[in-house]
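Novice: Here is a sequence with its predicted model. Questions after.
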Amino acid sequence: LAKTTQPISMDSYEGQEVNITCSHNNIATNDYITWYQQFPSQGPRFIIQGYKTKVKNEVASLFIPADRKSSTLSLPRVSLSDTAVYYCLVGELDTGRRALTFGSGTRLQVQP
Amino acid sequence: NAGVMQNPRHLVRRRGQEARLRCSPMKGHSHVYWYRQLPEEGLKFMVYLQKENIIDESGMPKERFSAEFPKEGPSILRIQQVVRGDSAAYFCASSTGTGDEQYFGPGTRLTVT
């Protein structure tokens, strides 16, 4: 399983763009990169998933360089409600990878 | 379409008692996963079940823990003779199939006194 490394915490202000980078030097060819968000006292929620280059949805963007050894989750114009823990996960998407492996995540604190 | 439901949300047990945690997957989902989260840590996989079958229990402690997902009714995670170290948040997730996106429930917070 590819190990991931993320900053323990980040601080931001409302309206700013937040970029959280995850390192995964041992990522395998079949691995996808997935980000989850977890609010206090709630279960994790899927944000975005990608394999290479850039992926964008209504919530966030995911940038993956050509070597795929890292990825960056970009949250545009954060609000107080974006305060949460963000997890970067790396693993196969198919039947060989059933269990999700969570690291310690990045605790994002958004200030007014 | 209701999301994944877990009950109870909070459970307090004395050492030595049994804890039963229930998980009702989303409608149409036949795959259930259980995870445990200790304070300030990420979720740790415990067990993966399909209806009436345990597919992967590589994350389950060898003793005192068991899980089932019967043909009818919710999935049950059972912890016998609880100890203080079992205090944690237990999350259930469900999916339509292996490898598909997992949707998480709100969790059950177990406190062992």
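Specialist: Sure, I can see it.
Novice: My guess is residue B:109 contacts residue B:7. True?
Specialist: No. Using C-beta atoms under 8 Å as the test, residue B:109 is too far from residue B:7 to be in contact (11.6 Å). C-betas here are computed from N, CA, C, even on glycine.
Novice: Look up which helix or strand the residue nearest in space to the middle of chain B falls in, please.
Specialist: Per C-alpha atoms, centre = their mean, the C-alpha nearest to the average position across chain B is that of residue B:34, at 3.8 Å. Assigned by DSSP states H and E, residue B:34 falls within strand B:31-37.
Novice: One more: residue B:17?
Specialist: Going by DSSP H and E, residue B:17 is not in any helix or strand.
Novice: pLDDT wise, what is the closest residue to it other than its chain neighbours at?
Specialist: Distances taken as C-beta to C-beta, 6 or more residues apart in numbering or on different chains put residue B:82 closest to residue B:17, at 5.8 Å, once the chain neighbours are dropped. For residue B:82, the pLDDT comes out at 98.
Novice: Double-check residue B:82 against residue B:90; I have them as touching.
Specialist: No. Checked against C-beta under 8 Å, the pair residue B:82 and residue B:90 is beyond contact range at 11.8 Å.
Novice: Spit out the residues that contact the two alike.
Specialist: Common neighbours of residue B:82 and residue B:90 (criterion: C-beta atoms under 8 Å, 6 or more residues apart in numbering or on different chains): residue B:110.
Novice: Chain A: strands as residue ranges?
Specialist: Secondary structure of chain A (DSSP state E): strands at A:9-13, A:18-23, A:31-38, A:45-50, A:53-56, A:61-64, A:70-75, A:84-92, A:106-111.
Novice: for chain B, same thing?
Specialist: Using DSSP E, the strands found in chain B span residues B:5-7, B:10-13, B:19-24, B:31-37, B:43-50, B:53-56, B:65-68, B:75-79, B:88-95, B:103-104, B:108-112.
Novice: Tabulate the ones you listed in CSV, adding columns for mean pLDDT and distance to chain A.
Specialist: Formatted as CSV, the strands of chain B follow (pLDDT from 0 to 100; distance: least, C-beta to the nearest C-beta, whole Å):
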stretch, mean pLDDT, distance to chain A
strand B:5-7, 97, 8
strand B:10-13, 98, 10
strand B:19-24, 98, 11
strand B:31-37, 94, 7
strand B:43-50, 92, 4
strand B:53-56, 91, 6
strand B:65-68, 97, 13
strand B:75-79, 98, 14
strand B:88-95, 95, 5
strand B:103-104, 92, 3
strand B:108-112, 97, 8
